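In: this one's structure only:
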């Protein structure tokens, strides 16, 4: 726990969440419930929400080390998308074509499900389903965009799901530099993640789930979530800790906490938006290897982030890792490269935090009824939508509902553990450097990078 910290300083989203961010009461005794959920991020709170909606009699306790939305749920790029970390071809390779199709459709439906809930529950999270525009800014990137559209057709999707854009069509949506084309999907909503997670916490409170903040869980085992103050005994214990999972006893190598950092500009004038677009608040990225992501916020800023921060030895997570001046400077450089009109615009906020990466980049959800232990995570940064699907799935698994959700291919998937140190540190950071190098190589040669192919082999793809 971070004693005395002003949680508004965590990110732009926390500062503008419209909530006082005062921690709820600490659990100070033993407790008996039906379901103990460890972690009050999106996964944990969506699980509690659907459990209480489906069965108001079920006793649910959510245990959070800091405050609801402290981690990635409160610091992400605000993309409620249909993206699943594993590509459809990879899902099909492992589980078959029908399973890949079902997974893709479930993710698409999830974007609308989040919109339905926030409207029903009155959560003002600035939900705007404007879709995503992905720019191709080099010939190699344009080839990747074309290949992605062709692959989605193989899995039953049409232009209503992902369309190839000409240079003029792409520029009409997003007036960035060097645009050669791109793609557009309608299956994404821009949100304010801080307002969504804090609003969801209030709704879960109102539904009668017990939410304890400043209550770190040190271990989970059959029937028990162990806290500093006592044991929470439950038939089902759900681990919803994502990037913080290595801090739990016995889970050191389950996921690797990899940092993603963001910046936000000052509110930008109408003249900038008239030239730039994003009139539907589309989220945006491009086809480079080292991921970038952005959105137009409801108050007309650009919130922009990307990878590039190093993995820290031993899966270490520290507050000082949230801010890396070199990465922030690079994000600002890339943003100005995309939009030269931002040369004099102020960057008002800088933040970051860890996300969870499984060894095979394949998110999973599951429940072992023999032990009562459940889990969800490994979203690799695509968690805003996927967590909602996870929460619905976990609720069905706990309640024994034979729904279509519990038959999706990620249910019960097991990723192998990461290598022990120092191999983990060497491998992840080498992969990061190779992806940075791959983008430079493609810009220089005009050909697809062999380095990127090597990294994909390391990921198990």
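Out: Cool, got the structure. Since the model is a prediction, treat every value here as computed from it, not as a measurement. Numbering: from 1, shown residues only.
In: now do the helices in this structure.
Out: Listed in chain order, the helices of the chain (DSSP state H) span 12-15, 42-54, 88-95, 97-121, 139-154, 167-173, 193-206, 270-276, 325-338, 383-399, 423-445, 450-458.
In: what average pLDDT does the third one get?
Out: Averaging pLDDT along helix 88-95 gives 96.
In: what's the offset of that helix from the middle of its chain?
Out: In terms of Cα atoms, centre = their mean, to the nearest Å, the centre of helix 88-95 is found 21 Å from the chain centre.
In: report the buried residues of it.
Out: 88, 90-92, 94-95 (16 or more other Cβ atoms under 10 Å). For the C-beta atoms, the positions are set from N, CA and C on the backbone; glycine is no exception.
In: and for that helix, what are the contacting residues?
Out: In this structure, residues lying in contact with helix 88-95 by Cβ atoms under 8 Å, 6 or more residues apart in numbering are 84, 86, 99-101, 103-104, 151-152, 155, 362, 409, 461.
In: coming back round to it: can you put the buried residues of helix 88-95 in a markdown table and add distance to residue 115?
Out: Output for those, formatted as a markdown table (distance: Cβ to Cβ, whole Å):
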| residue | distance to residue 115 |
| --- | --- |
| 88 | 23 |
| 90 | 28 |
| 91 | 25 |
| 92 | 28 |
| 94 | 30 |
| 95 | 28 |
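In: closest to residue 417 out of these?
Out: Closest approach between these and residue 417, by Cβ to Cβ: residue 94, at 17.7 Å.
In: residue nearest the centroid of this protein?
Out: residue 383 (2.9 Å; Cα atoms, centre = their mean).
In: in contact with residue 33, which residues?
Out: For residue 33, the contact set (Cβ under 8 Å, 6+ apart) comprises 59-61, 210, 232-234.
In: what residues does residue 191 make contact with?
Out: Taking Cβ under 8 Å, 6+ apart, we find residue 191 in contact with 78-80, 114, 125-128, 384.
In: from residue 74, how far out is it?
Out: Distance, residue 191 to residue 74, by Cβ to Cβ, to the nearest Å: 12 Å.
In: can you check which residues contact both of the two?
Out: With Cβ under 8 Å, 6+ apart, residue 191 and residue 74 have no common neighbours.
In: what about residue 291, neighbour count?
Out: Here the count is done by other Cβ atoms under 10 Å, and residue 291 has 16 residues near it.
In: my bad, residue 168
Out: Using other Cβ under 10 Å: residue 168 sits among 9 other residues.
In: now do the contacts for it.
Out: With Cβ under 8 Å, 6+ apart as the criterion, no residue contacts residue 168.
In: if we take the buried residues of helix 88-95, which one ends up nearest to residue 434?
Out: The nearest one, if we look at those relative to residue 434 and count by Cβ to Cβ, is residue 90, at 19.6 Å.
In: how close does that closest one get to residue 99?
Out: 11 Å.
In: for residue 212, name its beta-bridge partners.
Out: Legend: beta-bridge partners of residue 212 under DSSP bridges are residue 63.
In: I meant to write residue 217 there.
Out: Bridge pairing for residue 217 - DSSP bridges - gives residue 227.
In: okay but it is in contact with residue 65, surely?
Out: Yes - with contact defined as Cβ atoms under 8 Å, residue 217 counts as touching residue 65 (7.2 Å).
In: more neighbours: which of the two?
Out: Neighbour count, other Cβ under 10 Å: between residue 217 and residue 65, residue 217 has more, with 26 against 21.
In: contact partners for that one?
Out: With contacts defined as Cβ under 8 Å, 6+ apart, residue 217 is in contact with 38, 63, 65, 225-227, 248.
In: so what's the gap between stretch 63-72 and the chain middle?
Out: The answer for stretch 63-72 is 15 Å, by Cα atoms, centre = their mean.
In: distance of residue 368 relative to residue 224?
Out: Distance of residue 368 to residue 224, given as Cβ to Cβ: 15 Å.
In: the more surrounded of these two?
Out: Each of residue 368 and residue 224 has its neighbours counted (other Cβ under 10 Å); residue 224 has more, 17 against 13.
In: now that one: closest residue in space that isn't a chain neighbour?
Out: Computed as Cβ to Cβ, 6 or more residues apart in numbering, the closest residue to residue 224 that is not its neighbour in sequence is residue 231, at 5.2 Å.
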